[in-house]
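Student: this one's structure only:
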């Protein structure tokens, strides 16, 4: 079992923008980054990444989470595999 403290440290160490930008072309928009959502088909960017708070949110489909949930969903992985990734 992975300790919650270790998970929180991992989320603080790894930059969510660096990880998500490996899969999606992000561009800066004010304090956040935006892109077309990788979880549904769209023409106008509704996917937003907040680097400071460490989460993403899609205003189109409602998908929301942190770096671990993004890795799980995008790569079709379970929690342990996403942590290892």
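Tutor: Now that the structure is in, tell me what you want to look at. Computed from a predicted model, the values in this text were never measured in an experiment.
Student: Please report how far residue 59 lies from residue 71.
Tutor: Counting by Cβ to Cβ, to the nearest Å, the separation of residue 59 from residue 71 is 21 Å. All C-beta spots, glycine's among them, are computed from the backbone N, C-alpha and C.
Student: neighbour count winner among these two?
Tutor: Between residue 59 and residue 71, counting by other Cβ atoms under 10 Å, residue 71 is the more crowded of the two (22 against 13).
Student: how about that one, secondary structure?
Tutor: Classification of residue 71 using DSSP: H, G, I helix; E, B strand; the rest coil returns helix.
Student: what sits up against stretch 10-23?
Tutor: 26, 33, 35, 38, 49, 51, 54-56, 66-68, 70-71, 74, 83 (Cβ atoms under 8 Å, 6 or more residues apart in numbering).
Student: Mark which of those are buried, thanks.
Tutor: 26, 33, 35, 38, 49, 51, 54-56, 67-68, 70-71, 74 (16 or more other Cβ atoms under 10 Å).
Student: so can I have JSON lines of those showing secondary structure, pLDDT and distance to residue 6?
Tutor: Listed next are these as JSON lines, based on DSSP: H, G, I helix; E, B strand; the rest coil; pLDDT from 0 to 100; distance: Cβ to Cβ, whole Å:
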{"residue": "26", "secondary structure": "coil", "pLDDT": "97", "distance to residue 6": "27"}
{"residue": "33", "secondary structure": "strand", "pLDDT": "98", "distance to residue 6": "26"}
{"residue": "35", "secondary structure": "strand", "pLDDT": "97", "distance to residue 6": "29"}
{"residue": "38", "secondary structure": "coil", "pLDDT": "96", "distance to residue 6": "27"}
{"residue": "49", "secondary structure": "strand", "pLDDT": "98", "distance to residue 6": "23"}
{"residue": "51", "secondary structure": "coil", "pLDDT": "95", "distance to residue 6": "21"}
{"residue": "54", "secondary structure": "coil", "pLDDT": "95", "distance to residue 6": "15"}
{"residue": "55", "secondary structure": "strand", "pLDDT": "96", "distance to residue 6": "19"}
{"residue": "56", "secondary structure": "strand", "pLDDT": "98", "distance to residue 6": "22"}
{"residue": "67", "secondary structure": "helix", "pLDDT": "95", "distance to residue 6": "14"}
{"residue": "68", "secondary structure": "helix", "pLDDT": "94", "distance to residue 6": "12"}
{"residue": "70", "secondary structure": "helix", "pLDDT": "96", "distance to residue 6": "18"}
{"residue": "71", "secondary structure": "helix", "pLDDT": "95", "distance to residue 6": "16"}
{"residue": "74", "secondary structure": "helix", "pLDDT": "95", "distance to residue 6": "22"}
